[in-house]
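**Q** Curious how this folds, go ahead:
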Amino acid sequence: MRHNRHGIRYTISAGLAGALAALVLFAPAASGQDADNFFAGRQVRIIVGTGAGGGYDTYARLVARHLGKYVPGNPSFIVENLPGASGIRALNHLYATAPADGTVIATFNNAIPFYQAVGQPGIRFKSEELSWIGSLTQTATVVAVWHATGVKTIDDAKRIDVIMGATGSAGTKATYPALLNATLGTRFKIVTGYEGGNAVTLAIERGEVQGDGSNPWSSWKATRSEWVRDRKIVPLVQIGLKKDPDIAHVPLLAELARDDEQRQMFAFVSGPVAMQQPFAGPPGMPAERLALLRRAFEQMTKDAAFRAEIDKLQLDLDPLPGPEVEAIARKVVQTPTAIVQKVQAAMAVKGAGSRPGGGAAE
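**A** Here you go, the predicted structure:
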């Protein structure tokens, strides 16, 4: 005999009680079995928040070729590009429209949590609620200058003017030097209007500008290996949570903080750099399927064929598990408003020039 919460008596037979107990006992196993069987014969879409041919697209297509072998049921993966608003369009779709059953995941701009924190227009998602699967690299980006400037350290940049090439005033090639000027007293002069990273590199080669405010050291090694070998390009600071081991003597931005406020500011800026090439699903993905995808993602990054393609394509690989990516995203979006506002003010590019023969600064 039993009583429910209204005090009404009812009876459960011994047989029925046993059946209910069995259901409870085997529920987790059934749930796990569902995850193992779910992907068999299915197709999983990888939405890319940029156009075809770029870095995010390249990594997405690489993952599409290899991830399925580690997912039970061996589903096929296809890539769909959904560019727009620096990845915000793709994230809005993933967050609000895409099915949360594991058949749609996405890769997008690693700065998405930063954009959310600073209140960039058009955001209709909460990145801390995404089903984070993992990221493929955490390579620090560097502020680097041409050797002929005579600048070897950040302290040198506080007394010597250096002209830095950039695309627009909102990009990190401009905002990182602006941040250093505002917080550490460097004297970078920012020139905007270049079409992209390659154009800035060519401008350094031509002597139009003297440095680049945001480029991974691995990219310098891949695109201008002779500059690295002959020490023609000089890294001054690394922005991220982890140093590139090849330039361990170059300080992280966080190491240059003068007080606790700057430490918080620099942590806010550096966090997103540590989750490059991220992959995530919509919020509310079943826990068993998310765990399965995370495990498959980790196994894929250790696969010999996957790593061989990484080397062939000259891509970075320094993976980060999903829970750690989620922790970084959550920390970024939970940064105190006062710190966010100080970073925004410090990164505002003031008095930028425009490139020779180019238009006005963006």
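**Q** moving C-terminal of the host helix or strand of Ala291, what's the next helix or strand?
**A** Taking DSSP states H and E as the criterion, the element that holds Ala291 is helix 287-301. As assigned by DSSP H and E, the chain's next helix or strand after helix 287-301 is helix 304-312.
**Q** That following helix versus helix 287-301: what angle between them?
**A** Using axes from the mean of the first three to the mean of the last three CA atoms, to 10 degrees, the inter-axis angle of helix 304-312 relative to helix 287-301 is 60 degrees.
**Q** What average pLDDT does helix 304-312 get?
**A** Looking at helix 304-312 alone, the average pLDDT works out to 96.
**Q** Buried ones in that helix, by neighbour count?
**A** The neighbour-count criterion (16 or more other CB atoms under 10 Å) identifies Phe306, Glu309, Ile310 as the buried residues of helix 304-312. Bear in mind the C-beta positions are built from the backbone N, C-alpha and C, glycine included.
**Q** Report the central residue of this structure.
**A** Asn110 (2.4 Å; CA atoms, centre = their mean).
**Q** if I've got this straight, that residue is in a helix?
**A** No - secondary structure assignment places Asn110 outside any helix; it is coil (DSSP: H, G, I helix; E, B strand; the rest coil).
**Q** circling back to that earlier point, which helices and strands does the helix holding Ala291 pack with?
**A** On a contact count with 3 or more CB pairs under 8 Å, 6 or more residues apart in numbering; DSSP states H and E, helix 287-301 meets helix 14-38, helix 55-66, strand 131-137, strand 276-281, helix 322-333.
**Q** Leaving out chain neighbours, which residue sits closest to Gln43?
**A** Among residues not flanking Gln43 along the chain, Ser76 sits closest, at 5.0 Å (CB to CB, 6 or more residues apart in numbering).
**Q** I'd say the one you found and Gly68 touch.
**A** Yes - proximity of Ser76 to Gly68 meets the contact threshold set by CB atoms under 8 Å, at 6.0 Å.
**Q** Looking only at neighbour counts, state which of the two leads.
**A** For Ser76 versus Gly68, the count of surrounding residues by other CB atoms under 10 Å is larger for Gly68: 19 against 11.
**Q** sec struct for the more buried one, please.
**A** Put simply, Gly68 is helix when judged by three-state DSSP.
**Q** got a list of what it touches?
**A** By CB atoms under 8 Å, 6 or more residues apart in numbering, the residues touching Gly68 are Val44, Asn74, Pro75, Ser76, Phe77.
**Q** Just the buried residues out of these, in PyMOL syntax.
**A** Selection of buried members from these for PyMOL, criterion 16+ other CB under 10 Å:
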select buried, resi 44+75+77
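**Q** Now, the contacts of Gly68 that are in strands?
**A** Secondary structure defined by DSSP state E assigns Val44, Ser76, Phe77 of the contacts of Gly68 to strands.
**Q** Take those residues and lay them out in JSON lines including pLDDT.
**A** Shown next, in JSON lines, are those (pLDDT from 0 to 100):
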{"residue": "Val44", "pLDDT": "98"}
{"residue": "Ser76", "pLDDT": "98"}
{"residue": "Phe77", "pLDDT": "98"}
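**Q** which one of these is nearest Pro286?
**A** Out of those, the one with the shortest distance to Pro286 is Val44. That distance is 14.2 Å, counting by CB to CB.
**Q** For Glu326, see how far away Gly102 is.
**A** For Gly102, the distance to Glu326 under the criterion CB to CB, to the nearest Å works out to 17 Å.
**Q** Please read the previous query as pertaining to Gln138.
**A** Using CB to CB, one gets 14 Å for the distance from Gln138 to Glu326.
**Q** re earlier: got the contacts of Gly68 as JSON lines, with distance to Ala35 columns?
**A** Compiled in JSON lines, those are given as follows (distance: CB to CB, whole Å):
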{"residue": "Val44", "distance to Ala35": "14"}
{"residue": "Asn74", "distance to Ala35": "14"}
{"residue": "Pro75", "distance to Ala35": "12"}
{"residue": "Ser76", "distance to Ala35": "18"}
{"residue": "Phe77", "distance to Ala35": "17"}
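**Q** Check which residues of stretch 282-294 are buried.
**A** Buried residues in stretch 282-294, counting neighbours by 16+ other CB under 10 Å, are found at Pro282, Pro283, Met285, Pro286, Glu288, Arg289, Leu290, Leu292, Leu293, Arg294.
**Q** need the contact list for the closest residue in space to Tyr194 that isn't next to it in sequence.
**A** Here the nearest residue to Tyr194 in space, its sequence neighbours aside, is Val200; by CB to CB, 6+ apart that works out to 4.9 Å. Residues in contact with Val200, defined by CB under 8 Å, 6+ apart, are Gly165, Ala166, Thr167, Lys173, Tyr194, Val209, Asp212.
**Q** neighbour-wise, which of these leads?
**A** Ala166 (33 neighbours).
**Q** I'd say that one and Ala352 touch.
**A** Yes - with contacts defined as CB under 8 Å, Ala166 counts as touching Ala352 at a distance of 7.5 Å.
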